[in-house]
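1. only geometry, no sequence info:
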């Protein structure tokens, strides 16, 4: 795929994998919109790599709706690639992980991805093409001690991605899942400082 002139959204784009991905896409000539929850970090990242930004929490339907309104108003409903990268990790043993942690992690890592995809599909169908990339983890294939909430959310994302891929093939919409291993990002760091 030629990236020049493509319209691409990267969620969780202010740091880590999302930031590095957005920078590469912008360098290749794509029109990139990054989203995240921290205005200052988004503004700084966007200024550095030359892309647009919008404060948007993928776990909140109203924020997802606002992002797609922005796409309608600024990009004429064009969306070539959606990169679902926003992620949250909370780590403790199953015994010590409060149910609220499972809810928070699933709200971002699975429900947020689904909400983003549900609104991307009609746009991509209308244009007759598109690509959806779900950033998961090697934890989508095996669990690990103190990682039940995170791994379970990534296993769930794997199931959604495989189902979506089968559903979208006939519409010329490609669906991928990327499973990075350990990466030095802010994931799991309460201060959200990148390592």
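-> Perfect, thanks for sending it. The model shown is predicted, which means the values in this text are computed figures rather than measured ones.
2. residue 131 touches residue 172, doesn't it?
-> No: counting by CB atoms under 8 Å, no contact exists between residue 131 and residue 172, whose distance comes to 9.9 Å. Backbone N, C-alpha and C define where each C-beta goes, glycine included.
3. out of the two, which sits in the busier spot?
-> Neighbour count, other CB atoms under 10 Å: between residue 131 and residue 172, residue 131 has more, with 20 against 13.
4. which residues touch that one?
-> Contacts were defined as CB atoms under 8 Å, 6 or more residues apart in numbering; by that measure residue 131 touches 1, 80, 81, 82, 173, 174, 175, 176.
5. quick check, the fourth one in contact with residue 135.
-> No: counting by CB under 8 Å, residue 82 stays clear of residue 135, with 11.0 Å between them.
6. quick one, strands of this structure?
-> 7-10, 31-36, 52-55, 81-84, 130-135, 173-178 (DSSP state E).
7. buried ones in stretch 175-183?
-> Neighbour-count burial for stretch 175-183 flags 175, 177, 178 (criterion: 16 or more other CB atoms under 10 Å).
8. for the closest residue to residue 23 other than its chain neighbours, grab the count of nearby residues.
-> The shortest distance from residue 23 to any residue that is not its chain neighbour, by CB to CB, 6 or more residues apart in numbering, is 4.2 Å, and that residue is residue 49. Burial measure for residue 49: 19 neighbouring residues, criterion other CB under 10 Å.
9. please report how far residue 49 lies from residue 141.
-> Between residue 49 and residue 141 the distance, using CB to CB, to the nearest Å, works out to 31 Å.
10. kindly report the same for residue 164.
-> Computed as CB to CB, the residue 164 to residue 141 distance reads 18 Å.
11. out of these two, which sits in the more crowded spot?
-> residue 164 (19 against 12).
12. look at the closest residue to residue 181 other than its chain neighbours and say how many residues are nearby.
-> Using CB to CB, 6+ apart and skipping the chain neighbours, the partner closest in space to residue 181 is residue 138 (4.7 Å). A count of neighbours around residue 138, defined by other CB under 10 Å, yields 13.
13. I'd say residue 138 and residue 179 touch.
-> Yes: taking CB under 8 Å as the contact criterion, residue 138 and residue 179 are neighbours in contact, 5.1 Å apart.
14. residues contacting the closest residue to residue 176 other than its chain neighbours?
-> When the adjacent residues along the chain are set aside, residue 176 lies closest to residue 133, with 4.9 Å between them (CB to CB, 6+ apart). Applying CB under 8 Å, 6+ apart, one finds that residue 133 lies in contact with 81, 82, 83, 84, 175, 176, 177, 178.
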